[in-house]
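K.L.:
structure here, sequence nowhere to be found:
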C-alpha cells in the first residue's frame, strides 16, 4: 500500500463542489477551507463521497485574530482530508459533528473546555479536562489567556517554602 | 492436556529460581553510556554557559568563578562556571552534548544511585 | 482419655496452639511456593507470624454506623468454629473426641465461616462489602452440594460417620483416593472454592471489589479473619487427607504405640502438605473466573462428577469396605 | 437488586492509573458507566508553546512513561517536515528500532496487566520479568530505561555500536521464544480463555464508527496501521505484517498484541542488522518556516497525532496532540454496557489505556430496557434528560 498517489486536490474539490476548493498541503493530505455554517455538510460529503470513515483529530488553533478548527479524516484509501473552518474570536460557535462522527463528541468536549468554542447540539458539554474548581469561562489554551494571580485555579496550593 | 503449557512454565520458573536482583546486596550491571548523576570538571570549564542555556529544566546556574583555563592552546581567564541543582536535573544529557570542551566540563557519570535527603544539593 | 488429657489435646498439641502454628506455616508454604512459581523470592519463614503481630498492633477502626459488636462476635464465632472442627480431624491417630457423626459436625462447622463472611460484608455498610458478601454466599451454594456429596463417598465406603473411623477403615481397605479418584479431585476443587482461593476468589476480587467483605476489616479484626482463613486451610486439607488419603496412618504396621503415633503424625503432615502444594499450584496457574462461569462450571461439571462418584461408590462399594 | 452506584477509582487496585468510574450496576451487570479521567492534566500543549524545539523534546517525552519515544518521534518528524530537513538513514533506522522496542515492552506490560485484571498474577509476574530484558536493552542503547532521549530535531543523539547490536540479537532471540510461549499460554490457559473470549466485543463497523485505533481496532478487523498507511522513519524499507483479528473481543486484542510483538522482534532485528552507515544527524536550522503539519505515528496503543503549526520562529505556534487512548475511550464506554461488573477492568484494560497520555471523559447511557441497539444520539439525549433529572443540573 504505497501512499495513495490518486489522492489529488481536484478529486477533493470535485466532491466539495460549492463549499471550497482542495489544496494539496502534503503528499497525502488535501485541505479544504469551508464556511463554518456548512461544516456538517462538508463532513458528510467527506464521509460519503470521499469514503473517509475515520476521524483522526479535530485540531484547534488560536491565530490571535480567529479560531481555526481542522477536521482531519482518512479512510481505506489512506488519503487524508482536512476540513478547515474559521470562527470569530468573540462568541465562537459551530454545529457539533457528533451526529456524523461519534468520536467528535469527545474531541469537542476538550476543545470547549480549553478554548471555549461552543458546539451547538452537543449533548453534554460539561467540564472535561480542567479540575472542578477551575474558574468558569477561563480558557487556558487561548493565546491571550493569562493566569490571574488573584484567582485560585484549584489543585494543591503551591508548596510553601 | 490443555493447561500443559502453564504447568511447564510453572515448573520452569520454580526450577530457575527467583529473577529478583536483591539490591543493594546484588547490583544490576549498569551499561556503558548510562546517563547517571551529573558531574563537573572545574578545570576544563571555559564558562561559555551553553549548558545553562540548553538545560530543559533550567537547573544549571552560572556562578562567578575566575580561573585560568586552556582554550585552543591559549589560556584565558573564565568569568563563571556552572552549578547544578542535582534534584532538578532530569539526566537528559543535553548539557554534555552542547558543552564545547574536550574532555567535557559537564558530563553524566554512570552513578546509578541518586537518592538523597537534601533536596537542595548542588553539584559544583 | 482423662479430662486433663482432653484439655491438653484440645488446647496444646494437636489442638489450638499447634493448629495456629501449623496454619501460619501453611501460609508461609503457600505464599513461598506461589512466589517461586512466579520467579519471585517470596516471604521469609516467620512472615505470616510477623503480619499477624503487626495487624494486632494496628488501629482497629469500626466503620461508622456498622454494628461493631456484631462484627466482633462474627469474627470470634468464625475462628471458634474452625478451631473446633480441627478437634475431630485425626492428627496422631483416631481423635479421642471422635464419635459417630463427627463428620457432619466438622462439615457444618467448616461451612460456618463462609456464611459469617457474608454477614461481615453485609454489616460493613460498604458497597464493596455487600457485593463481595453476596458473591461469597452465591459461591457457597454452588460448590457446597458437590463438595459434601463427594466427601460422603469415603464415609459410605467405610460404613462410618466418624472422621477418625473412616481414616482407620482405610488402613485395611486402602486409601479411598484409589477407589474414588473423581471424588478426590472434586474435593480439592471444592476446597479451593470454599477457601475462596484463585480461581474462585470472587468475593474478595481485588480488581473490582477492592477486598469484598474484607474491605472494612482493619487491625485486630483483619488479623483474626486472616488467621481463621489459614486455620480453614489446615482443617480443609486435614479433612481431605483423612477422608481420601487415610489420615494419619502409614500403610505398614508400626509396633510400639508411641512410634505409631509419631509415624501417623508424620503421615498427617506429609499428606496435608501434599494437598497444600496442589492447592498452591492451582492458585498460581489460574486466573479468576466470573460468577456466571462459576455457576455453569459448578452445577454442571462439579455436581455431575460428584453424583457420578457417589453413584459409583453406591454401586461398586455395595456397602463393602471395612 | 436496586441500581447501585459502584465507584471504582481514581485510586483503585485494579487500575494503576488515575481514572474514575462511576458504575451504575443492576446487581452484577453494568447498566451505565460514567468515566472521569482528567486527573493529571498538566497543560503540556500550553507549555510546548513557550519552549524552543530543543527544550520541547524532553517535555514531550514526559507526556507518557510507556510511549515516550512515540511522542518525541512524532514531534521531531513533524518539525523536520516543516523545515524540509532530510534525516540521515542511520537515524531513521535507530528511531525505528527504539520505536519497536518500545512497542515490545509496552505490549508485554499490557499482557501482564490484562492477566492481573482477571486475577492471573503469575502471568503478570512472568511478562514483567521478561520485559526487563527489553528495558535493559533500551538502557544499553539510549542510556535510560524510560525516557530514552533518543530523538532531536534532525536525527538521533545515540549511536548503536557493534557490541550493542550483538547483545540485541541475543536478547531478541530470547524474547522471540518467550513471546511464542505466551502465545501458546494464552490460547491454552482455561481461565484466560473463558474470561477474555467474547468479552467487550466490538464489531468492525462499531470499531470504525466509534473511532477506535491501534490493536483495539485491528482486533475487530480494521486494518489501519500508520506504519503502513503513512510510513515514517524506516518502515518503508523494513517488511512487516499488520496483525489483525476479526472477533473484536478482548481475546482477539490479546492475539493481535502478541502477534505485533513477534513482528516487532523481527523489525528490530532487521533494522539493527541492516543499520546503514553515515551520520546520526544533520544540523537543522534553529527556526521552522511557517507551516502546518499533521504528524502521525503508530504508538503501541494506536494512532498518535501531533498537529503542529509553526510560524517562522524557534517555537511551535500550536501543538495539538491527540493520543490513541482518547480515541479508544468512546468504544470502551459503549462496549461495557450489559457486561458483568467483573469484566469492567478487563474491558478497560483491553484498550490498554494510557491515562497520562490523555485526560478525557465520556458518558454513555443505554436505557436499560433490553439491549436494543440505540443510535448514538438517542443514547445521548436519554443521558442528558436522566442526568439533568438526577444531578439536578
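P.N.:
In hand now; what should we look at? A quick note: this is a predicted structure, and the numbers were derived from the prediction, not measured.

K.L.:
hey, where'd the strands end up in the chain?
P.N.:
Since you didn't name a chain, this refers to chain A. Using DSSP state E, the strands assigned to chain A run over residues A:22-26, A:29-33, A:54-62, A:66-74, A:80-88, A:93-95, A:118-120.

K.L.:
please go with chain D instead
P.N.:
Going by DSSP E, chain D shows strands at D:3-8, D:20-26, D:29-36, D:151-152, D:155-156, D:291-299, D:302-310, D:316-322, D:361-364.

K.L.:
in JSON lines: those, plus mean neighbour count.
P.N.:
Any C-beta I mention is one placed from the backbone N, CA and C, and that applies to glycine too. Formatted as JSON lines, the strands of chain D follow (neighbours: other C-beta atoms under 10 Å in any protein chain shown):
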{"stretch": "strand D:3-8", "mean neighbour count": "15"}
{"stretch": "strand D:20-26", "mean neighbour count": "19"}
{"stretch": "strand D:29-36", "mean neighbour count": "20"}
{"stretch": "strand D:151-152", "mean neighbour count": "25"}
{"stretch": "strand D:155-156", "mean neighbour count": "24"}
{"stretch": "strand D:291-299", "mean neighbour count": "25"}
{"stretch": "strand D:302-310", "mean neighbour count": "26"}
{"stretch": "strand D:316-322", "mean neighbour count": "24"}
{"stretch": "strand D:361-364", "mean neighbour count": "23"}
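
K.L.:
any idea which of those scores lowest on pLDDT?
P.N.:
With a mean of 31, strand D:361-364 has the lowest mean pLDDT of the strands of chain D.

K.L.:
quick one: stretch A:34-42 near chain D?
P.N.:
No. Among the residues of stretch A:34-42, none lie within reach of chain D under C-beta under 8 Å from any C-beta of the partner chain; the closest is 13.4 Å away.

K.L.:
so which of the strands of chain A gets nearest chain B?
P.N.:
Closest of these to chain B is strand A:54-62, at 24.9 Å (criterion: C-beta to the nearest C-beta).

K.L.:
from the middle of its chain, how far away would that closest one be?
P.N.:
Using C-alpha atoms, centre = their mean, to the nearest Å, the distance from the centre of strand A:54-62 to the centre of the chain it belongs to is 4 Å.

K.L.:
could you give the average pLDDT over whichever helix or strand residue C:267 is part of?
P.N.:
Residue C:267 is located in helix C:257-285, with elements delineated by DSSP states H and E. Mean pLDDT, helix C:257-285: 89.

K.L.:
helices or strands next to that helix in the packing?
P.N.:
For helix C:257-285, the elements it packs on are helix B:4-16, helix C:16-37, helix C:181-194, helix C:219-244, judged by 3 or more C-beta pairs under 8 Å, 6 or more residues apart in numbering or on different chains; DSSP states H and E.

K.L.:
quick one: that helix to helix C:219-244, angle?
P.N.:
For helix C:257-285 against helix C:219-244, the angle by axes from the mean of the first three to the mean of the last three C-alpha atoms, to 10 degrees is 110 degrees.

K.L.:
coming back round to it: just put the strands of chain D in JSON lines and tack on distance to residue C:194.
P.N.:
Converted to JSON lines, these look like this (distance: least, C-beta to C-beta, whole Å):
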{"stretch": "strand D:3-8", "distance to residue C:194": "26"}
{"stretch": "strand D:20-26", "distance to residue C:194": "26"}
{"stretch": "strand D:29-36", "distance to residue C:194": "26"}
{"stretch": "strand D:151-152", "distance to residue C:194": "56"}
{"stretch": "strand D:155-156", "distance to residue C:194": "59"}
{"stretch": "strand D:291-299", "distance to residue C:194": "46"}
{"stretch": "strand D:302-310", "distance to residue C:194": "44"}
{"stretch": "strand D:316-322", "distance to residue C:194": "50"}
{"stretch": "strand D:361-364", "distance to residue C:194": "39"}
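
K.L.:
out of these, which comes closest to residue D:97?
P.N.:
Closest approach to residue D:97 among the strands of chain D (C-beta to C-beta): strand D:155-156, 10.0 Å.

K.L.:
on that earlier part again, of all the helices and strands packed on helix C:257-285, which one comes closest to residue C:147?
P.N.:
Using C-beta to C-beta, the nearest of these to residue C:147 is helix C:181-194, at 3.1 Å.

K.L.:
buried stuff in the closest one?
P.N.:
C:182-194 (16 or more other C-beta atoms under 10 Å in any protein chain shown).

K.L.:
so what pLDDT did residue D:285 get?
P.N.:
91.

K.L.:
shaky segments in the chain?
P.N.:
All of this refers to chain A. A:1-7, A:154-161 (pLDDT under 70).

K.L.:
chain C was what I was after
P.N.:
Low-confidence segments of chain C (pLDDT under 70): C:1, C:205-209, C:317-322.

K.L.:
now with 80, please.
P.N.:
In the predicted model, chain C carries pLDDT under 80 at residues C:1-2, C:6, C:8-15, C:93, C:127-128, C:131, C:203-213, C:249-257, C:317-322.

K.L.:
which parts of the helix holding residue C:267 are buried?
P.N.:
Buried-residue list, helix C:257-285, by 16+ other C-beta under 10 Å: C:260, C:263-265, C:267-268, C:271-273, C:275-276, C:278-285.

K.L.:
residues contacting the spatially most central residue of chain D?
P.N.:
The residue lying closest to the centre of chain D (C-alpha atoms, centre = their mean) is residue D:301, at 1.9 Å. Contact analysis of residue D:301 by C-beta atoms under 8 Å, 6 or more residues apart in numbering or on different chains lists D:67, D:106, D:213-216, D:323-325, D:328, D:351-354, D:357.

K.L.:
is it true that residue C:196 lies in a strand?
P.N.:
No. According to DSSP: H, G, I helix; E, B strand; the rest coil, residue C:196 belongs to no strand; its state is coil.

K.L.:
could you measure from it over to chain B?
P.N.:
Distance, residue C:196 to chain B, by C-beta to the nearest C-beta, to the nearest Å: 21 Å.

K.L.:
what about that residue, neighbour count?
P.N.:
When neighbours are counted by other C-beta atoms under 10 Å in any protein chain shown, residue C:196 registers 25.

K.L.:
how much space separates the spatially closest residue to it that is not a sequence neighbour from residue C:107?
P.N.:
Spatial nearest neighbour of residue C:196, chain neighbours left out: residue C:203 (5.4 Å); criterion: C-beta to C-beta, 6 or more residues apart in numbering or on different chains. Distance of residue C:203 to residue C:107, given as C-beta to C-beta, to the nearest Å: 20 Å.

K.L.:
more crowded one of those two?
P.N.:
Legend: neighbour count by other C-beta under 10 Å for residue C:203 and residue C:107, higher for residue C:203 (26 against 17).

K.L.:
residues from chain B in reach of chain C?
P.N.:
B:3, B:6, B:7, B:10, B:13, B:14, B:16, B:17, B:18, B:19, B:20, B:22.

K.L.:
state the phi and psi torsions of the residue in chain A that chain D sits nearest to.
P.N.:
Residue nearest to chain D within chain A: residue A:103 (3.0 Å; C-beta to the nearest C-beta). Per-residue torsions, residue A:103: phi -60, psi -20 (degrees, to the nearest 10).

K.L.:
can you name the residues that contact the closest residue to it other than its chain neighbours?
P.N.:
Counting by C-beta to C-beta, 6+ apart, the nearest residue to residue A:103 once its immediate chain neighbours are dropped is residue D:211, at 3.0 Å. Applying C-beta under 8 Å, 6+ apart to residue D:211 gives the contacts A:54, A:55, A:101, A:102, A:103, D:327, D:330, D:331.

K.L.:
same question for residue D:265.
P.N.:
Residue D:265 makes contact with D:100, D:104, D:172, D:175, D:176, D:179, according to C-beta under 8 Å, 6+ apart.
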